[in-house]
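Engineer: From the sequence below, what's the structure:
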Amino acid sequence: MSGHAPVLWWVRRDLRLTDNPALQAACEAGSPVIPVFILDEVAETLGSAPKWRLGLGVEAFGKTLSNRKSRLILRRGRALDVLRALIRETGAGAVVWTRVYDAPSIERDKAAKAALKDDGVEARSVAGHLLFEPWTVETKTGDFYKVFTPFWKTVRGQAVPEPTPAPGHIPAPDNWPASDDLSDMQMGAAMRRGAAVVAEHALAGEDAALGRLGAFVADRIADYKDLRDFPAAHGTSRLSENLTYGEVSPRTCWHAGRRAMEEGKQGAETFLKELVWREFGYHLLWHTPHIATGNWREGWDRFPWNADATTPEVTAWKQGRTGIPFVDAAMRELYVTGTMHNRARMIVASYLTKNLMSHWKIGLDWFADCLIDWDPASNAMGWQWAAGSGPDAAPYFRVFNPITQREKFDPQRAYVDAWIAEGRRAPSKTALSYFDAIPKSWRLLPGDPYPDPVVTVEDGRKRALAAYEARDF
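Structural biologist: Coordinates of the predicted model:
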């Protein structure tokens, strides 16, 4: 960046000041910096919960910038049109942003960069959403990794730059362009009454994210390896929500984990592996973008999954009324908190794709609508891993037993009891919150009888194994 014309910093999934290469690049010449968030053609396609949660992040980041004597300019429209309008209004000579790696965003960004350069405006994208750019990690033959373990072995010893501090000063323009009002954008409209319930569990903003990371490293990372699979234990970092919107950088998390490992905290390396699992998903998404929309492995298009998302069995799964307590507890946790424990995600995905023989895309779409930590790479990779159609997948014939999984990972039924109200004399607050969050059209009440299984675990397993045995690919 050069000259004294303002620089537009296009804020997307990097709602932070600390360790933000795009902000650093915008500030480096000393020109005025105008941060701008655009509710653009990609953001408009977000599901109900992710879009609402993005709005919370934007609101929090706007306050952060105000406290630094800067502003976050809000606009709505096609990204290129908005950027061009702002350039005309401000005389900006450059636009800078942090790269993202899903196909719709790449298409948007490439078109914007080419058009702006044709206009004589400097357009620059920089790293910041990942530890390693997807084209920089290769096998010995120059290919990309399709299996996690060798990917982890390759990157775990690679140098990761230390996170950079927030800039001491963000140069402001003499005159700010007009900004839309966030409330007018109605980013939470589709959440309806569920927003008030989920809001009690969301933790938005950079300060909150850094506080969450600090508390995890100080109090829980040592036990992370041992407790991370027990959904009733407060054993995970819950940082996926903040990483999704860039309220904390992966480098900040990586170095916090590395320091904990050097201090002898036993769970730290497992935490680092989970950060790299996120990384692996994005590398796969960049190299094979079809993972987000279709079966990654050849042949699975012929597998006889049910593709109808409106069947009674699928509806029961969505509503947490399958009659399988571990599955139902997880689906209710999703509706109340906007998140779900990772072990539970594997169980509900296995039950949908195997016991119910329904397509993984039904689950992928439901999660994309309900998760406040929705991430295009992790969501796609996770669902295809569970279904058996993706890279580094669980053996396609493995069918998780949600009954034995509950016995192993929720032996005291603390997780199930926290989320299921039916049949209990004194249901927990979280279990009752589910009935405050769901659409009234579902007509469900905590006093309803708990349902019998829509498909028993054994019947579902037999049906799945028969379909696998009959595979012709």
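Engineer: ranges for the strands of the stretch 101-250 of the chain?
Structural biologist: Using DSSP state E, counting those that start in this stretch, the strands of the stretch 101-250 of the chain run over residues 122-126.
Engineer: any low-confidence regions in it?
Structural biologist: By pLDDT under 70, the stretch 101-250 of the chain contains no weakly predicted segment.
Engineer: Tell me if residue 10 really is in a helix.
Structural biologist: No. Counting by DSSP: H, G, I helix; E, B strand; the rest coil, residue 10 falls outside a helix, being strand.
Engineer: Neighbours of it, how many?
Structural biologist: By other Cβ atoms under 10 Å, 25 other residues sit near residue 10. Quick note: C-beta positions are derived from backbone N, CA and C, even for glycine.
Engineer: That one - nearest residue in space that isn't next to it in sequence?
Structural biologist: In space, and not counting its chain neighbours, residue 10 is closest to residue 97: 3.9 Å by Cβ to Cβ, 6 or more residues apart in numbering.
Engineer: The helix or strand harbouring that neighbour - contacts with which helices or strands?
Structural biologist: Using DSSP states H and E, residue 97 maps to strand 94-98. Packing partners of strand 94-98 (3 or more Cβ pairs under 8 Å, 6 or more residues apart in numbering; DSSP states H and E): strand 7-11, helix 21-27, helix 103-118, strand 122-126.
Engineer: contacting residues for the nearest residue to residue 302 once chain neighbours are set aside?
Structural biologist: If the residues on either side of it in the chain are set aside, residue 302 comes closest to residue 473, at 6.1 Å by Cβ to Cβ, 6+ apart. By Cβ atoms under 8 Å, 6 or more residues apart in numbering, residue 473 lies in contact with 298-300, 302.
Engineer: which one of those has the most neighbours?
Structural biologist: residue 300 leads the contacts of residue 473 on contacts (other Cβ under 10 Å) with 20 neighbours.
Engineer: Report how many residues lie close to the closest residue to that one other than its chain neighbours.
Structural biologist: In space, and not counting its chain neighbours, residue 300 is closest to residue 389: 4.1 Å by Cβ to Cβ, 6+ apart. Number of residues near residue 389 (other Cβ under 10 Å) recorded here: 24.
Engineer: Assumed residue 389 was part of a helix.
Structural biologist: No. Under three-state DSSP, residue 389 sits outside any helix and is assigned coil.
Engineer: all numbers from here: first residue = 27
Structural biologist: In the new numbering, first residue 27, that becomes residue 415.
Engineer: So it sits against residue 324, correct?
Structural biologist: No. With contact defined as Cβ atoms under 8 Å, residue 415 does not reach residue 324; the gap is 9.6 Å.
Engineer: show me the contacts for the closest residue to residue 321 other than its chain neighbours.
Structural biologist: Nearest residue to residue 321, sequence neighbours excluded (Cβ to Cβ, 6+ apart): residue 415, at 4.4 Å. With contacts defined as Cβ under 8 Å, 6+ apart, the neighbours of residue 415 are 321-323, 326, 329, 386, 422.
Engineer: which one of those residues sits closest to residue 307?
Structural biologist: The closest of the contacts of residue 415 to residue 307 turns out to be residue 322 (Cβ to Cβ; 11.6 Å).
Engineer: and the closest one, what does it touch?
Structural biologist: Counting by Cβ under 8 Å, 6+ apart, residue 322 touches 310, 314, 316, 410, 415-417.
Engineer: Pull out the buried members of those residues.
Structural biologist: Buried subset of the contacts of residue 322 (neighbour count, 16 or more other Cβ atoms under 10 Å): 310, 410, 415-417.
Engineer: ok, longest strand in this structure?
Structural biologist: strand 59-65 (DSSP state E).
Engineer: re the thing from before, give me the pLDDT value at the residue nearest to residue 321.
Structural biologist: On the pLDDT scale, residue 415 is placed at 94.
Engineer: Likewise for residue 423?
Structural biologist: 78.
Engineer: got it, and the one 3 residues further on?
Structural biologist: Confidence per residue is given as pLDDT, and for residue 426 that number is 94.
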